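> Need a 3D model of the sequence below.
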Amino acid sequence: MKALSVRQPWAWAITHGQKDIENRTWTTGYRGPLAIHAGARWDEDGAYDKRILRALHAFGDRFDPPLRVERLGHKTMRLLRDRQLTPSAIVAVVDVVGICTARSMSEQCGCGLWAAEGQCHWRLANPRPLPEPVPCKGRLSLWELPADVEARALAQVAG
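This next block holds a predicted model:
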């Protein structure tokens, strides 16, 4: 199975069906199941991103305990690093259903609020979170999961 490394908290938003576009500078002909690998590094910009904070609000308090948010000012908040935002592991399987290569503003190409100008918009669907993330070292670009990691991930989404 193919895998893609995505930094947290973006991987969280994909895993829980809140983020249906992944932005990349490159395209691929690959379509089908894709393991989402939560990278080892945290993206601090993502922690302040209003779309992430809205997604967290839309997801509600489904985490026990809830994910932690810090209020920094009247209108400024950020998502805090949390042990529930697993790093260095396969956290979900999604389907790549298409890639928009228009590289235009999301309003022009119709890819929605997660699309970034100048990027290829990978359209993701059918997120299947893993109840138990599978530890694994990530890589750049699309990569093949090791057979043992793939078996552990697929066993969780098949059941």
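> Please count neighbours and contacts with C-alpha atoms only from this point.
OK.
> So which helix or strand of the protein has the lowest pLDDT on average?
Lowest mean confidence among the helices and strands of the chain (mean pLDDT, DSSP states H and E): strand 77-79, at a mean of 59.
> what's the helix or strand that that one is followed by packed up against?
Downstream of strand 77-79, the first helix or strand assigned by DSSP states H and E is strand 89-100. Packing partners of strand 89-100 (3 or more Cα pairs under 8 Å, 6 or more residues apart in numbering; DSSP states H and E): helix 10-15, strand 32-42, strand 120-135, helix 147-158.
> Export these to JSON lines and append columns for distance to Leu113, mean neighbour count and mean pLDDT.
Formatted as JSON lines, the helices and strands packed on strand 89-100 follow (distance: least, Cα to Cα, whole Å; neighbours: other Cα atoms under 10 Å; pLDDT from 0 to 100):
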{"stretch": "helix 10-15", "distance to Leu113": "13", "mean neighbour count": "23", "mean pLDDT": "92"}
{"stretch": "strand 32-42", "distance to Leu113": "20", "mean neighbour count": "22", "mean pLDDT": "95"}
{"stretch": "strand 120-135", "distance to Leu113": "11", "mean neighbour count": "20", "mean pLDDT": "95"}
{"stretch": "helix 147-158", "distance to Leu113": "28", "mean neighbour count": "14", "mean pLDDT": "94"}
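> Next one: Pro146 from Ala3, what distance?
For Pro146, the distance to Ala3 equals 10 Å [Cα to Cα, to the nearest Å].
> Alright, I will stop here.
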